[in-house]
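>>> Show me the folded form of this:
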Amino acid sequence: MKYGSRPARLSDLAVESLAMDTPETQAAAGTPRRAIAPAWHTAVVVLIMLGFSYAGSRTGNLSVLRAHGQIGGYVIAMIFEWAAAGVVWWGVSRRGIRVSELIGERWSRPLEVIRDFGLAIGFIVIATPILSGVGYLLKAAPNAAIRNIYPQGPAEIVVYLLLVFTAGFCEELIFRGYLQRQFAALTHAAAGGIVLQGIVFGASHGYQGWRYMTIITVFGILFGLLAYWRRSLRPGIVAHILQDGVGGILGRYLH
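Numbers count the residues shown, from 1 in each chain. Got it, this is the predicted structure:
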(Lines give C-alpha, C1' and ligand atoms only; values in the text may rest on other atoms or scores of the structure.)
Protein backbone atom coordinates (compact mmCIF):
# COMPACT_ATOMS: atom_id res chain seq x y z
CA MET A 1 0.00 0.00 0.00
CA LYS A 2 1.65 3.23 -1.15
CA TYR A 3 0.97 6.88 -0.54
CA GLY A 4 -0.82 8.13 -3.57
CA SER A 5 -3.09 5.09 -3.85
CA ARG A 6 -6.71 5.02 -2.69
CA PRO A 7 -7.41 6.28 0.82
CA ALA A 8 -7.17 3.54 3.42
CA ARG A 9 -10.25 2.05 5.03
CA LEU A 10 -10.32 2.28 8.81
CA SER A 11 -10.65 -1.51 8.86
CA ASP A 12 -7.17 -1.63 7.32
CA LEU A 13 -5.80 -0.52 10.69
CA ALA A 14 -6.07 -4.09 11.89
CA VAL A 15 -4.61 -5.71 8.78
CA GLU A 16 -0.98 -5.90 7.69
CA SER A 17 -0.25 -5.63 4.00
CA LEU A 18 1.32 -8.69 2.41
CA ALA A 19 2.96 -6.72 -0.39
CA MET A 20 5.50 -4.65 1.53
CA ASP A 21 8.73 -6.17 0.35
CA THR A 22 10.72 -3.27 -1.10
CA PRO A 23 12.16 -0.43 0.98
CA GLU A 24 10.09 2.08 -0.98
CA THR A 25 6.75 0.39 -0.31
CA GLN A 26 7.66 -0.17 3.32
CA ALA A 27 8.49 3.51 3.73
CA ALA A 28 5.34 4.75 2.02
CA ALA A 29 2.87 2.41 3.66
CA GLY A 30 0.84 3.04 6.77
CA THR A 31 1.79 -0.27 8.38
CA PRO A 32 5.31 -1.29 7.29
CA ARG A 33 6.33 -4.87 7.97
CA ARG A 34 9.96 -3.87 8.51
CA ALA A 35 11.30 -0.75 10.18
CA ILE A 36 12.61 2.08 8.01
CA ALA A 37 15.53 2.79 10.40
CA PRO A 38 17.31 0.97 13.23
CA ALA A 39 15.51 0.77 16.58
CA TRP A 40 18.34 2.63 18.31
CA HIS A 41 17.88 5.48 15.86
CA THR A 42 14.21 5.75 16.80
CA ALA A 43 15.18 5.86 20.47
CA VAL A 44 17.61 8.70 19.70
CA VAL A 45 14.93 10.69 17.83
CA VAL A 46 12.45 10.26 20.69
CA LEU A 47 15.05 11.28 23.28
CA ILE A 48 15.95 14.37 21.24
CA MET A 49 12.32 15.47 21.05
CA LEU A 50 11.62 14.76 24.72
CA GLY A 51 14.87 16.39 25.79
CA PHE A 52 14.03 19.64 24.02
CA SER A 53 10.52 19.43 25.47
CA TYR A 54 11.93 19.08 28.98
CA ALA A 55 14.24 22.04 28.42
CA GLY A 56 11.29 24.12 27.26
CA SER A 57 9.22 23.14 30.30
CA ARG A 58 12.05 24.14 32.64
CA THR A 59 12.81 27.47 30.99
CA GLY A 60 9.33 28.63 29.98
CA ASN A 61 9.90 27.70 26.33
CA LEU A 62 13.41 29.17 26.19
CA SER A 63 12.19 32.47 27.65
CA VAL A 64 15.78 33.47 28.39
CA LEU A 65 16.32 33.85 24.64
CA ARG A 66 13.43 36.28 24.35
CA ALA A 67 14.74 38.92 26.73
CA HIS A 68 14.92 41.31 23.77
CA GLY A 69 12.02 39.93 21.73
CA GLN A 70 10.66 36.69 20.34
CA ILE A 71 12.93 36.36 17.34
CA GLY A 72 15.78 34.64 19.19
CA GLY A 73 13.45 31.93 20.46
CA TYR A 74 11.93 31.47 17.01
CA VAL A 75 15.35 31.06 15.41
CA ILE A 76 16.52 28.51 18.02
CA ALA A 77 13.29 26.54 17.54
CA MET A 78 13.78 26.50 13.75
CA ILE A 79 17.36 25.31 14.10
CA PHE A 80 16.22 22.51 16.39
CA GLU A 81 13.37 21.45 14.08
CA TRP A 82 15.63 21.22 11.03
CA ALA A 83 18.35 19.45 13.02
CA ALA A 84 15.84 16.86 14.24
CA ALA A 85 14.53 16.41 10.69
CA GLY A 86 18.15 15.96 9.58
CA VAL A 87 18.59 13.15 12.10
CA VAL A 88 15.51 11.45 10.65
CA TRP A 89 16.86 11.88 7.12
CA TRP A 90 20.19 10.37 8.15
CA GLY A 91 18.50 7.38 9.75
CA VAL A 92 16.19 6.48 6.88
CA SER A 93 18.89 7.08 4.28
CA ARG A 94 20.85 4.23 5.86
CA ARG A 95 18.04 1.97 4.61
CA GLY A 96 18.02 3.57 1.17
CA ILE A 97 14.80 5.51 1.79
CA ARG A 98 14.33 9.07 0.58
CA VAL A 99 12.50 11.80 2.48
CA SER A 100 10.19 12.22 -0.52
CA GLU A 101 9.02 8.64 0.01
CA LEU A 102 8.00 9.51 3.56
CA ILE A 103 6.04 12.55 2.39
CA GLY A 104 4.08 10.76 -0.32
CA GLU A 105 3.01 11.54 -3.85
CA ARG A 106 4.00 14.84 -5.44
CA TRP A 107 1.46 17.33 -6.67
CA SER A 108 1.40 17.02 -10.44
CA ARG A 109 -1.80 18.93 -11.22
CA PRO A 110 -3.51 22.02 -9.72
CA LEU A 111 -6.52 19.86 -8.86
CA GLU A 112 -4.36 17.78 -6.51
CA VAL A 113 -3.22 20.93 -4.70
CA ILE A 114 -6.83 22.07 -4.34
CA ARG A 115 -7.83 18.63 -3.10
CA ASP A 116 -5.22 18.52 -0.35
CA PHE A 117 -5.87 22.11 0.73
CA GLY A 118 -9.55 21.20 0.94
CA LEU A 119 -8.73 18.13 3.02
CA ALA A 120 -6.55 20.27 5.29
CA ILE A 121 -9.33 22.79 5.88
CA GLY A 122 -11.88 20.02 6.39
CA PHE A 123 -9.53 18.35 8.86
CA ILE A 124 -9.25 21.56 10.90
CA VAL A 125 -13.03 21.98 10.87
CA ILE A 126 -13.49 18.45 12.21
CA ALA A 127 -10.59 18.54 14.68
CA THR A 128 -11.38 21.92 16.25
CA PRO A 129 -14.57 20.89 18.14
CA ILE A 130 -12.92 17.63 19.23
CA LEU A 131 -9.93 19.49 20.68
CA SER A 132 -12.18 22.14 22.18
CA GLY A 133 -14.18 19.39 23.90
CA VAL A 134 -11.02 17.83 25.33
CA GLY A 135 -9.85 21.26 26.48
CA TYR A 136 -13.20 21.93 28.14
CA LEU A 137 -13.10 18.63 30.02
CA LEU A 138 -9.54 19.34 31.19
CA LYS A 139 -10.31 22.99 32.00
CA ALA A 140 -7.26 23.95 29.94
CA ALA A 141 -6.12 27.57 29.69
CA PRO A 142 -3.02 28.97 27.97
CA ASN A 143 -0.10 29.43 30.35
CA ALA A 144 2.47 32.24 30.21
CA ALA A 145 4.80 30.19 27.98
CA ILE A 146 2.05 29.72 25.38
CA ARG A 147 1.09 33.39 25.46
CA ASN A 148 4.73 34.38 25.06
CA ILE A 149 4.90 32.56 21.71
CA TYR A 150 2.56 35.00 20.00
CA PRO A 151 4.44 37.46 17.75
CA GLN A 152 4.37 41.18 18.44
CA GLY A 153 5.03 43.50 15.52
CA PRO A 154 5.81 42.99 11.82
CA ALA A 155 9.36 41.62 12.19
CA GLU A 156 8.31 38.99 14.72
CA ILE A 157 5.33 38.01 12.56
CA VAL A 158 7.61 37.40 9.56
CA VAL A 159 10.02 35.21 11.54
CA TYR A 160 7.12 33.49 13.30
CA LEU A 161 5.63 32.52 9.92
CA LEU A 162 9.01 31.05 8.93
CA LEU A 163 8.86 29.03 12.14
CA VAL A 164 5.32 27.92 11.32
CA PHE A 165 6.35 26.62 7.89
CA THR A 166 9.36 24.91 9.46
CA ALA A 167 7.27 23.24 12.16
CA GLY A 168 4.55 22.23 9.72
CA PHE A 169 7.02 20.40 7.49
CA CYS A 170 9.52 19.09 10.02
CA GLU A 171 7.05 17.90 12.66
CA GLU A 172 4.86 16.09 10.17
CA LEU A 173 7.96 14.45 8.72
CA ILE A 174 9.29 13.45 12.15
CA PHE A 175 6.07 12.28 13.78
CA ARG A 176 3.76 11.13 10.99
CA GLY A 177 6.35 10.36 8.32
CA TYR A 178 8.95 8.64 10.50
CA LEU A 179 7.81 7.75 14.02
CA GLN A 180 4.38 6.56 12.93
CA ARG A 181 5.93 4.06 10.55
CA GLN A 182 8.57 2.99 13.04
CA PHE A 183 6.08 2.40 15.84
CA ALA A 184 3.75 0.61 13.42
CA ALA A 185 6.61 -1.73 12.50
CA LEU A 186 7.55 -2.33 16.14
CA THR A 187 3.95 -3.01 17.24
CA HIS A 188 2.96 -4.77 13.99
CA ALA A 189 -0.15 -2.57 13.83
CA ALA A 190 -1.00 0.73 12.18
CA ALA A 191 -3.07 1.69 15.21
CA GLY A 192 -0.02 1.27 17.42
CA GLY A 193 1.97 3.61 15.19
CA ILE A 194 -0.77 6.23 15.14
CA VAL A 195 -1.32 6.24 18.90
CA LEU A 196 2.33 6.07 19.97
CA GLN A 197 3.49 8.87 17.68
CA GLY A 198 0.60 10.96 19.00
CA ILE A 199 1.76 10.39 22.57
CA VAL A 200 5.33 11.40 21.72
CA PHE A 201 3.98 14.41 19.80
CA GLY A 202 2.08 15.57 22.87
CA ALA A 203 5.00 14.87 25.19
CA SER A 204 7.22 16.98 22.92
CA HIS A 205 5.32 20.13 23.91
CA GLY A 206 6.26 20.18 27.58
CA TYR A 207 6.31 23.96 27.88
CA GLN A 208 2.53 24.01 27.40
CA GLY A 209 1.75 22.01 30.56
CA TRP A 210 0.10 18.61 30.94
CA ARG A 211 -3.40 19.73 29.97
CA TYR A 212 -2.31 21.14 26.62
CA MET A 213 0.07 18.22 26.15
CA THR A 214 -2.99 15.96 26.41
CA ILE A 215 -4.86 18.05 23.85
CA ILE A 216 -1.85 17.97 21.52
CA THR A 217 -1.64 14.18 21.93
CA VAL A 218 -5.21 13.90 20.65
CA PHE A 219 -4.34 16.33 17.83
CA GLY A 220 -1.32 14.19 16.92
CA ILE A 221 -3.46 11.06 16.76
CA LEU A 222 -5.91 12.87 14.47
CA PHE A 223 -3.00 13.97 12.26
CA GLY A 224 -1.85 10.34 12.23
CA LEU A 225 -5.26 9.15 11.08
CA LEU A 226 -5.26 11.76 8.31
CA ALA A 227 -1.79 10.70 7.11
CA TYR A 228 -2.75 7.01 7.19
CA TRP A 229 -6.04 7.55 5.36
CA ARG A 230 -4.63 9.93 2.73
CA ARG A 231 -1.35 8.00 2.26
CA SER A 232 0.43 11.35 2.21
CA LEU A 233 1.75 13.95 4.63
CA ARG A 234 0.79 16.87 2.40
CA PRO A 235 -2.72 17.59 3.78
CA GLY A 236 -1.34 17.34 7.31
CA ILE A 237 1.53 19.71 6.52
CA VAL A 238 -0.93 22.26 5.12
CA ALA A 239 -3.29 21.85 8.10
CA HIS A 240 -0.40 22.14 10.56
CA ILE A 241 0.80 25.37 8.94
CA LEU A 242 -2.69 26.87 8.81
CA GLN A 243 -3.46 25.93 12.42
CA ASP A 244 -0.22 27.30 13.87
CA GLY A 245 -0.11 30.34 11.59
CA VAL A 246 -3.63 31.58 12.15
CA GLY A 247 -3.66 30.53 15.80
CA GLY A 248 -0.38 32.27 16.58
CA ILE A 249 -1.15 35.54 14.86
CA LEU A 250 -4.68 35.78 16.26
CA GLY A 251 -3.74 34.29 19.62
CA ARG A 252 -2.48 37.55 21.11
CA TYR A 253 -5.92 39.07 20.52
CA LEU A 254 -7.92 36.06 21.72
CA HIS A 255 -6.00 35.36 24.93
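
>>> so how far is residue 245 from residue 37?
30 Å (CB to CB, to the nearest Å). In short, each C-beta sits where N, CA and C put it, glycine included.

>>> These two: who's more crowded?
Remark: of residue 37 and residue 245, residue 37 carries more neighbours, 23 against 18, as counted by other CB atoms under 10 Å.

>>> Would you confirm that the more buried one contacts residue 182?
Yes. Counting by CB atoms under 8 Å, residue 182 is a contact partner of residue 37 at 6.5 Å.

>>> Not counting sequence-adjacent ones, nearest residue to residue 81?
Leaving aside its sequence neighbours, residue 81 sits nearest to residue 170 (CB to CB, 6 or more residues apart in numbering; 4.0 Å).

>>> which SSE is the one you found in?
Assessed by DSSP states H and E, residue 170 sits inside helix 154-171.

>>> Give the buried residues for that helix.
156-157, 159-161, 163-164, 166-171 (16 or more other CB atoms under 10 Å).

>>> can you check stretch 200-214 too?
Here stretch 200-214 shows 200-209, 211-214 as buried, counting by 16+ other CB under 10 Å.

>>> Tell me how many other residues crowd residue 48.
Based on other CB under 10 Å, the number of other residues close to residue 48 is 17.

>>> mind checking which helix or strand it is in?
helix 39-59.

>>> helices or strands up against that helix?
Contact here means 3 or more CB pairs under 8 Å, 6 or more residues apart in numbering; DSSP states H and E; on that basis helix 39-59 packs against helix 71-93, helix 180-187, helix 190-203.

>>> Take these and write them to TSV, including distance to residue 48 and mean pLDDT.
What follows is the helices and strands packed on helix 39-59, written out as TSV (distance: least, CB to CB, whole Å; pLDDT from 0 to 100):
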stretch	distance to residue 48	mean pLDDT
helix 71-93	6	94
helix 180-187	14	96
helix 190-203	11	97
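
>>> looking at those helices, which is buried most?
Of all the helices and strands packed on helix 39-59, helix 180-187 has the most neighbours on average by mean count of other CB atoms under 10 Å, namely a mean of 24.

>>> for the stretch 151-255 of the chain, which spans come out with low pLDDT?
254-255 (pLDDT under 70).

>>> same thing but at 80, please
Scanning the stretch 151-255 of the chain for pLDDT under 80 picks out 251-255.

>>> What does the pLDDT read for the closest residue in space to residue 232 that isn't next to it in sequence?
Spatial nearest neighbour of residue 232, excluding adjacent residues (CB to CB, 6+ apart): residue 104 at 3.1 Å. pLDDT, residue 104: 92.

>>> looking at it, residue 104 is touching residue 234, isn't it?
Yes. Contact criterion CB under 8 Å: residue 104 and residue 234 qualify, at 6.2 Å.

>>> ok, back up a step: quick one: buried residues of the helix holding residue 48?
Under 16+ other CB under 10 Å, the buried positions of helix 39-59 are 41, 42, 45, 46, 48, 49, 52, 53, 56, 57.

>>> Among those, which one sits closest to residue 84?
The shortest approach to residue 84 among those belongs to residue 48, at 5.6 Å (CB to CB).

>>> List the contacts of that closest one.
The contact partners of residue 48, taken as CB atoms under 8 Å, 6 or more residues apart in numbering, are 84, 87.
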